[in-house]
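1. model this:
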Amino acid sequence: MSFFESDIKAVYSSKKVPKLRSPILVCGFPGSGYVGKLAIDHIIEELEGIQLADIYSTSFPPQVIINNTGIVDLMKNILYYVKDSRAKHDFLFLTGDAQPVSSKVEYLLGEEIIKIAKNFGVTQVITLGAYITGMFVETPRVFGVATDDDGLKLLNSYGISKIDNGSISGMNGILLGIGKMNNLNGISLLGETSGYVIDANASKYILMKLLSIIDLDIDLGDLEKKAEDTIMLIKSIERRIGDKNASSDEVQHMVQKKQPEIGYIS
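-> Residues are numbered from 1 along each chain as shown. So this is what the prediction gives:
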């Protein structure tokens, strides 16, 4: 039987399924500025998340990831769990190498993730991503949306600016929509970013809001160092261009020279 007999394949790390206390699902995917991805990877590392499942898809880009030992792996999403006695809830954290390139498979992957989450008793979904403005800022705002009025009240209580028009593309939006159809409450936290650079500074700000909401305290030191690098990169670009309203072509030329390596080879 083919491993990819279906478009989505979840492979669990162990036959022993953990029992979790009303867990919250928190997701961050590669996207504009890597805002959600950097935030979710940092919290997984700091909380020492335990790998629960690898999720493969025929709609991830047709390439492999090379790790720092020279070993390759198929692209995948990875689901971790954390049992934390300091918090009111346990957690499921979802990160990954890519988002599907097919809109149909985005929906199928969203359904699979929500199905897994419900099997563990999840009732709330939080997605982390970017709010693209095209402008460089040192103190990013955090924007948010919710699936219900209670979620909007929650966002407001933490000083998160409500978005009242437009759309959220990709898995950050799909998971909220499919979650809502399955009676799960959801919010999305979106960090203000230019969209031109890998923005650890925006990641830091949405992670601080997330930690307040889920009532956790972790060390942000490593992410803060990356955020400082982002600010230095932005200042360097602005100095060279000499105009914050420079054209996209000029900004992209600078970014290609200054942008850090993200590990993909095409």
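
2. In PDB, list the C-alpha atoms belonging to stretch 20-30.
-> The C-alpha trace of stretch 20-30 is given here as PDB (Å, rounded to 0.1, in the frame of the first residue of the first chain):
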ATOM      1  CA  LEU A  20      -4.400  16.000  28.300                       C
ATOM      2  CA  ARG A  21      -6.400  18.400  30.500                       C
ATOM      3  CA  SER A  22      -8.800  20.400  28.200                       C
ATOM      4  CA  PRO A  23      -5.900  21.300  25.900                       C
ATOM      5  CA  ILE A  24      -5.600  24.400  23.800                       C
ATOM      6  CA  LEU A  25      -4.400  24.000  20.200                       C
ATOM      7  CA  VAL A  26      -1.800  26.700  19.200                       C
ATOM      8  CA  CYS A  27      -0.600  26.800  15.600                       C
ATOM      9  CA  GLY A  28       2.100  28.700  13.700                       C
ATOM     10  CA  PHE A  29       3.100  28.100  10.100                       C
ATOM     11  CA  PRO A  30       5.700  29.400   7.700                       C
END
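
3. where along the stretch 101-250 of the chain do the strands fall?
-> Applying DSSP state E, counting those that start in this stretch to the stretch 101-250 of the chain gives strands spanning 124-132, 142-146, 161-162, 185-193.

4. the inter-axis angle of the second one versus strand 185-193?
-> The reference is to strand 142-146. Comparing the axes of strand 142-146 and strand 185-193 via axes from the mean of the first three to the mean of the last three C-alpha atoms, to 10 degrees yields an angle of 160 degrees.

5. Tell me how far strand 142-146 lies from the chain's centre.
-> 14 Å (C-alpha atoms, centre = their mean, to the nearest Å).

6. if we can go back for a sec, export the strands of the stretch 101-250 of the chain to a markdown table and append columns for mean neighbour count.
-> Using the backbone N, CA and C atoms, a C-beta is placed for each residue, glycine as well. What follows is the strands of the stretch 101-250 of the chain, written out as a markdown table (neighbours: other C-beta atoms under 10 Å):
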| stretch | mean neighbour count |
| --- | --- |
| strand 124-132 | 25 |
| strand 142-146 | 22 |
| strand 161-162 | 12 |
| strand 185-193 | 25 |
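
7. wait, which of those strands is closest to Tyr12?
-> Proximity to Tyr12 (C-beta to C-beta) singles out strand 124-132 among the strands of the stretch 101-250 of the chain, at 20.3 Å.

8. for the closest one, the distance to its chain's centre please.
-> Taking C-alpha atoms, centre = their mean, the mean C-alpha location of strand 124-132 is offset from the chain mean by 6 Å.

9. which stretch among the strands of the stretch 101-250 of the chain comes nearest Asp215?
-> Of all these, strand 124-132 sits nearest to Asp215, with 12.9 Å by C-beta to C-beta.

10. same for that closest one, what does it pack against?
-> In terms of contacts (3 or more C-beta pairs under 8 Å, 6 or more residues apart in numbering; DSSP states H and E), strand 124-132 is packed against strand 24-28, helix 35-46, helix 171-181, strand 185-193, helix 200-214.

11. mean confidence for the third one?
-> The one in question is helix 171-181. Per-region confidence: helix 171-181 scores 97 on mean pLDDT.

12. For it, list the C-alpha coordinates in CSV.
-> What follows is helix 171-181, C-alpha atoms only, in CSV (Å, rounded to 0.1, in the frame of the first residue of the first chain):
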residue,chain,number,x,y,z
MET,A,171,-4.0,27.7,7.4
ASN,A,172,-4.3,30.5,9.9
GLY,A,173,-7.7,31.3,8.5
ILE,A,174,-8.8,27.8,7.4
LEU,A,175,-8.3,26.4,10.9
LEU,A,176,-10.4,29.1,12.5
GLY,A,177,-13.2,28.5,10.0
ILE,A,178,-13.2,24.7,10.2
GLY,A,179,-12.8,24.9,14.0
LYS,A,180,-15.9,27.1,14.1
MET,A,181,-17.9,24.6,12.0
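
13. now that helix against strand 185-193, angle please.
-> Going by the same axes, to 10 degrees, helix 171-181 makes 160 degrees with strand 185-193.

14. Contacts for helix 171-181 next, please.
-> 27, 29, 31, 36, 99-100, 106-107, 109-111, 113-114, 117, 125, 127-129, 145, 147-148, 167-168, 185-188, 190 (C-beta atoms under 8 Å, 6 or more residues apart in numbering).
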